[in-house]
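Novice: pasting the sequence and the predicted model now:
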Amino acid sequence: MPDFTLWDILRNLALAARWTVALSLVAFLGGALVGLVLLLVRLAGGPWLGRAVGAYVQLFQGTPLLMQLFLLYFGLAALGFDTSAWLAACVALTLYASAYLTEIWRGCVAAIPRGQWEASASLALSFGQQFRHIILPQALRIAVAPTVGFLVQVVKGTALASVIGFVELTKAGGMIANVTYEPMLTYGCVALMYFVLCFPISLCARLLERKLAMRTLA
Amino acid sequence: MSAAPNAPPSGAGKPHTQVGAPILRITALRKSYGAHEVLRGIDLDVARGEVVAIIGKSGSGKSTLLRCINGLEVFQHGSLIVDGRHLLHDNPKAMRELRQGVGMIFQNFNLFPHLSVGRNVMLAPHLVKRRPGPENAARARQLLARVGLAEKFDAMPDKLSGGQQQRVAIARALAMDPAIMLCDEITSALDPELVGEVLRVVETLAEEGMTLLMVTHEMSFARKVANRVIFMHQGLVHEIGTPAEIFGAPRTPELRQFLSSLQD
Amino acid sequence: MPLQLDFTSILVQWPLLLRGAAWTVGLTAVATLLGAALAIGCAWARSGGPLALRWLVGAYVELIRNTPFIVQLFFVFFGLPEAGIRLSPATASVLAMTINLGAYATEILRAGIEATPRGQIEAAESLALTRAQVFTRVVLPPALGKVWPALVSQIVIVMLGSAVCGQISTEELSYATNLIQSRNFRAFETYIVGTLSYLGLAILVRTLLNWAGPRFLFGR
């Protein structure tokens, strides 16, 4: 049996953490893209499309991410689509992130007074122009903090990819725990790694929030 | 009004001081926020049943003085005795004993928004005095009737007008059978047409012999109801006297200036 | 080959699903009660406790909020036995869920407590209430009312997160779903049904709590 030192554990976890970061970035960026499209559909697509996006959000926010992963990985495989754990995790997390982000951003857009839409409409701006030049810049300001905050949720969400066998931080932790027979130390280190990844983002989100609150007051 | 003037309010228990001794004695009281001294040595005696109005510019320390009397503000020097009890900030038990005898009514009413009117009145007697339920409810109804709000027992505070909320606050303070009542600009947050209903209740209290200390901007009310008026200026009792003396013959230029500024 | 979906082979397994759902709701209910109690204690400590305790609570909240639930669960279930604390899957699940919910709920409650107007507290103090009475009778109920929707959302999130507990063989809904698909080889349909069951539970729990909270918890 190989003798693992604490340093070995940490080094192996750090290596696996790269995949956590990669998966988080793909899911966050993909989710942002899909989320933005969904936001536009919801704002401009009429009542039926709007309701469809609402149902989409409900579906992803009202079901466990783990089940979404199972469905995309084992479920699709049973139907004959062969997906890798990486692909399934990317798709599932992207969809999950898009649902949350589109909802967060809708709240931000809704926080912009109606008068801004009306004023820009009466200046004969098209919907796209109203959104891009008037609403988006204002909504973006208030959207930054909760969006950054949601990134923490994505990073934590990637841990579930371990369950379908994707080797990232949590999965690596499980494997190391099995070899070292030191689950407490190993999972402690895993938790620490996540904390090191997430805490700075949390702090950053809080800082942005406070900054915005002060600017709004001033 | 059956209660004789100067009699202790019913249920307040025996007075802790002999008759004639002041119910409130403030000696050399000083308070500062950091380097800024807001109260710079206050001496004041208030007799049982006396109605004292405190006037002065904002920032003169009058609200702070009032809030010192029931320990909402901590002062650094001097002593304060209410009904024979020394005010001891760092003794929670002594503070609660003292506060049972001191009612306070706030500018912003401060009713508890999650409790009905009746339960606002009953909360403290229940928790602090362990007054049994039926008696507590009967007492609350009686007090609400006294402030003209008998029918609002089950209403929630946010359904009431400001004047009604303030009258509930008065009933809530009375329910603890205080020996002395502090009124901190209690009509300042009210629409002008609602001021009268609150002042009438306070006037009745005064007639019934309640000891009242009120910070107020209602000069005509102070003139009519108070036995003594205190003019505060820059953290000191600048002038003190009967309403006739204070309003009719002000001695200091500061008071004269203050009074004339009100006429504008 | 055309897609052929067959849901009957899952629906005949409804007793298993129902049992799983009952477990999920049960775990959530216990964790909610314990987690709420923990959060109220922590929020109280954080708003008026000694400095060391405030730091401790702050560290607990940040640690939990910045690590995944699955890692917390594995730490409790696989890690604690190393320290001689051996827990059954169900107990480990409840413990992990309680600790998790407790941290988030502490933060939520704190926001509500900080929103209490200073005058409310002064009025209660003037009426000679003790510090504990001021907190439980005057500060807490309206704070709870104010943050109730956020708290309900968090409870639902914890319930959905509890799907992970199947991984340590707690026999909740995701575990039942996995069991069914291993028997009927209809993974896609089974996971659809399992996922939608969670959706149903989420809507049910949310509706129930939103209805019950104002009626039974902060008496309106």
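Specialist: That came in fine, so what should we check first?
Novice: could you use CA atoms for every contact and neighbour count after this?
Specialist: Noted.
Novice: where does the chain have low pLDDT?
Specialist: Just so you know, I chose chain A. The model of chain A has pLDDT under 70 over residues A:1-3, A:216-218.
Novice: hm, I was asking about chain C
Specialist: C:1-3, C:218-220.
Novice: buried residues in stretch C:117-133?
Specialist: Applying a neighbour-count criterion of 16 or more other Cα atoms under 10 Å in any protein chain shown, one finds C:119-130, C:133 buried in stretch C:117-133.
Novice: ok, residues contacting it?
Specialist: B:70, B:72, B:92, B:95-100, B:102-106, B:108, B:110-112, B:124, B:127-128, B:173, B:176, C:134, C:138-139 (Cα atoms under 8 Å, 6 or more residues apart in numbering or on different chains).
Novice: in helices, which of the residues you listed fall?
Specialist: B:92, B:95-100, B:124, B:127, B:173 (DSSP state H).
Novice: which one of the residues you listed is nearest residue C:28?
Specialist: Closest approach between the ones in helices among the contacts of stretch C:117-133 and residue C:28, by Cα to Cα: residue B:127, at 33.8 Å.
Novice: what about the closest one, how many neighbours?
Specialist: Using other Cα atoms under 10 Å in any protein chain shown, residue B:127 has 15 other residues around it.
Novice: now it, nearest residue through space, not along the chain?
Specialist: residue C:129 (7.1 Å; Cα to Cα, 6 or more residues apart in numbering or on different chains).
Novice: now do the phi/psi pair for that neighbour.
Specialist: Reported as degrees, to the nearest 10, the phi and psi values for residue C:129 are phi -70, psi 150.
Novice: so which residues of chain C form helices?
Specialist: Ranges of helices in chain C, per DSSP H, are C:8-11, C:14-48, C:51-65, C:69-74, C:89-114, C:118-126, C:131-133, C:140-161, C:173-184, C:187-212.
Novice: select only the buried ones of the ones in helices among the contacts of stretch C:117-133 in ChimeraX?
Specialist: Only the buried entries of these go into this ChimeraX selection, using 16+ other Cα under 10 Å:
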select /B:95,96,98,99,100,124,173
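Novice: and the residue nearest to residue C:165 when sequence neighbours are not counted, how many neighbours?
Specialist: Of all residues not flanking residue C:165 in the chain, residue C:93 sits nearest, at 6.0 Å (Cα to Cα, 6+ apart). Applying other Cα under 10 Å, we find 26 residues neighbouring residue C:93.
Novice: quick check: residue C:93 touching residue C:72?
Specialist: No. Residue C:93 lies out of contact with residue C:72 (Cα atoms under 8 Å); the separation is 9.7 Å.
Novice: what's the spacing between residue A:194 and residue B:163?
Specialist: 56 Å (Cα to Cα, to the nearest Å).
Novice: can you list the residues of chain B near chain C?
Specialist: Within chain B, the positions lying close to chain C (Cα under 8 Å from any Cα of the partner chain) are B:70, B:72, B:92, B:95-100, B:102-106, B:108, B:110-115, B:124, B:127-128, B:173, B:176.
Novice: so residue B:24: helix, strand or coil?
Specialist: Classification of residue B:24 using DSSP: H, G, I helix; E, B strand; the rest coil returns strand.
Novice: what bridges to the most centrally placed residue in chain B?
Specialist: Per Cα atoms, centre = their mean, the C-alpha nearest to the average position across chain B is that of residue B:182, at 1.2 Å. Following DSSP bridges, residue B:182 is listed with bridge partners residue B:104, residue B:213.
Novice: measure it to residue B:175 for me?
Specialist: As judged by Cα to Cα, residue B:182 and residue B:175 stand 14 Å apart.
Novice: sketch out the low-pLDDT regions of the stretch 151-264 of chain B for me.
Specialist: Low-confidence segments of the stretch 151-264 of chain B (pLDDT under 70): B:264.
Novice: that should have said the stretch 1-150 of chain B, apologies.
Specialist: Judged by pLDDT under 70, the stretches of the stretch 1-150 of chain B that qualify are B:1-20.
Novice: so where do the helices sit in it?
Specialist: B:62-69, B:92-100, B:117-127, B:133-146 (DSSP state H, counting those that start in this stretch).
Novice: could you list every helix and strand in contact with the helix ranked longest in chain A?
Specialist: Secondary structure of chain A read by DSSP H shows that its longest helix is helix A:6-44. Applying 3 or more Cα pairs under 8 Å, 6 or more residues apart in numbering or on different chains; DSSP states H and E, we find helix A:6-44 packed against helix A:46-61, helix A:85-110, helix A:136-157, helix A:169-180, helix A:183-217.
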